[in-house]
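Student: starting from these lines, generate the structure:
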Amino acid sequence: MVWTTVSATEYMLQADCVQYEPMGHIDGDFIADSEQDPVVWIIETVENQTDFSWTGYRIDIGMDKEFSITGVVSPMDWTFAITQPVSGQSLPSHTNPGTGWVGSVDFYAGTAIDPGQSGNFGLVVSFLGSVAFCTEQVATPEPASLVLLGLGGLAMLRRRA
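Tutor: Numbers count the residues shown, from 1 in each chain. Sure thing, here's the model as predicted:
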């Protein structure tokens with residue numbers, strides 16, 4: 001991970017990630033030296049090492065205090081939908097479960113990201129002062145992969161019967 005200072009109140013966290021499973025996590029803290037309103041870009045270049053092509057991707061982000069999602073980074077021909085954070089939600093953390101503010105960005109494919117390829121996904125968040133954060137990234141398989149998974153499940157059930 002690389003931290004970059006963009007301005008006095010704007011920062012960028014860039015992470016090169018490899019995703020082997022449909023779901024991944026990042027947990028951390030943003031430590032501010034004042035209660036100003038910092039803006040943080042969280043950008044992940046994610047390499048698909050799952051066994052399916054991605055036609056969708058979701059990032060859930062949780063914090064221990066109020067925040068807003070003010071922007072998005074996505075692959076060139078992908079679209080997205082932002083769900084602003086709501087309080088009292090289960091945090092998407094695998095190391096520090098609890099409740100807090102949780103929002104999400106759903107990304108929808110233009111060109112699928114095949115195994116071995118990478119995509120840039122990210123969001124821009126704004127909050128007051130220091131905050132603990134966690135994310136959960138979920139890749140969505142392309143529809144043909146879902147059909148094959150479903151058929152495999154049916155075959156397993158049939159075998160048991």
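Student: who's the residue most central in space within the chain bridged to?
Tutor: A centroid search over the chain (Cα atoms, centre = their mean) returns Ile59, at 2.5 Å, as the residue closest to the centre. Assessed by DSSP bridges, Ile59 has beta-bridge partners Val105, Gln137.
Student: can I assume it is in contact with Val102?
Tutor: No - Ile59 is beyond contact range of Val102, at 11.0 Å (criterion: Cβ atoms under 8 Å). The C-beta positions use only the backbone N, C-alpha and C, and glycine is treated the same way.
Student: any low-confidence regions in the protein?
Tutor: 94, 144-161 (pLDDT under 70).
Student: quick one: the strands in it?
Tutor: Remark: strands assigned in the chain by DSSP state E are 2-7, 10-19, 23-30, 39-48, 54-63, 67-73, 79-90, 99-113, 118-127, 131-141.
Student: now the angle from the last one to strand 118-127?
Tutor: Counting by axes from the mean of the first three to the mean of the last three Cα atoms, to 10 degrees, strand 131-141 lies at 150 degrees to strand 118-127.
Student: now the first one
Tutor: In this structure, strand 2-7 runs at an angle of 50 degrees to strand 118-127, with the same axes, to 10 degrees as the basis.
Student: can you tell me the strand partners of strand 2-7 and which way each runs?
Tutor: Sheet pairing of strand 2-7 (DSSP bridges) gives strand 10-19 (antiparallel).
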